[in-house]
Structures are given as C-alpha cells and as structure tokens.
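Asks: Pasting the sequence and the predicted model now:
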Amino acid sequence: MPSTPRKARAAIAAGGAAQALAARMATMQADAGLTIAMRMPILMQGALGDSRGQREAAQAVTEKVTAVLESGFAAGQAGALFWWGLMLSPLGSVDLADAAAKVAHSTLEPFSRRTSANAARLGRSRRRG
C-alpha cells in the first residue's frame, strides 16, 4: 500500500495507464482478426492471378513495414524523452511506471491506427463488393 498521497496518485495513474493499454491491445486484436479474416480471400484471389488481390498483398506489406518503422521511431523518441527527464529531474520525481506506459503506448500507436483503418476499409469494400 502506498504510504503517501503522492505515491497513491502515482499508483492510481499507473493502474489507469495499464488499463488503457490493455484496452488498446484488446481492440487491436479484434481489428487484426477482422482484417485477417477479410483479407485472406482477397489474398487467395491474388495468388491465383487477380490484380486486386496482388495490390492488396503489396499494400499489406507496405503498411507493415511503415508501421514497424514508425513504431520503432516512436519508441526511440519516448525512450529518449524518458532518459532526458531522468537526467534533468531529481530521482524521486520520475515515475517509472508512467514512463513505461508512455513508451508502450507510443510503440503501439502506429499499429493501432493501421489495424483500425484496415478493418474499416476492408469492411467497406466487402459490403460494396
């Protein structure tokens, strides 16, 4: 149990950040599952020579590479901000749990945006097609 009000607030904030991170990951898992389910028939058609399926495969690879690069950059930036904050602040004023949550959040952000956008895009094209 935290002994001071400041530690209690930090513990509550860390718990809230962890819950937000867990909710984001659950949403990403659902969106990724939908994207895979809707993308597989299109990719199978591409393997059989359909140009739409081949374009979808190329777009999928491009999106994954871009998301990995953006994610690595965001994680590096969040990590650098953490270390600068640690260097320039008194040791007791840095909340390690909050810093770790920020790094994890900024790392997941590019993937989260892409999985949501892909699920929406493929859902629209499925309803039209």
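Replies: On my side now, so go ahead.

Asks: where do the helices sit along the chain?
Replies: For the chain, applying DSSP state H gives helices covering 5-47, 51-88, 96-128.

Asks: The second one: which residues count as buried?
Replies: Read it as helix 51-88. Buried residues in helix 51-88, counting neighbours by 16 or more other C-beta atoms under 10 Å, are found at 53-54, 56, 60, 63, 67, 70-71, 74-75, 78-79, 82. All C-beta spots, glycine's among them, are computed from the backbone N, C-alpha and C.

Asks: between these, which is closest to residue 120?
Replies: The closest of the buried residues of helix 51-88 to residue 120 turns out to be residue 63 (C-beta to C-beta; 13.5 Å).

Asks: for the closest residue to that closest one other than its chain neighbours, what are its contacts?
Replies: Spatially, and ignoring its direct neighbours in sequence, residue 63 is nearest to residue 114 (5.5 Å; C-beta to C-beta, 6 or more residues apart in numbering). Contact analysis of residue 114 by C-beta atoms under 8 Å, 6 or more residues apart in numbering lists 63, 66, 67.

Asks: if I look at residue 122, how far off is residue 77?
Replies: From residue 122 over to residue 77 the distance is 30 Å, taken as C-beta to C-beta, to the nearest Å.

Asks: now stretch 30-49: mean pLDDT?
Replies: Stretch 30-49 carries an average pLDDT of 89.
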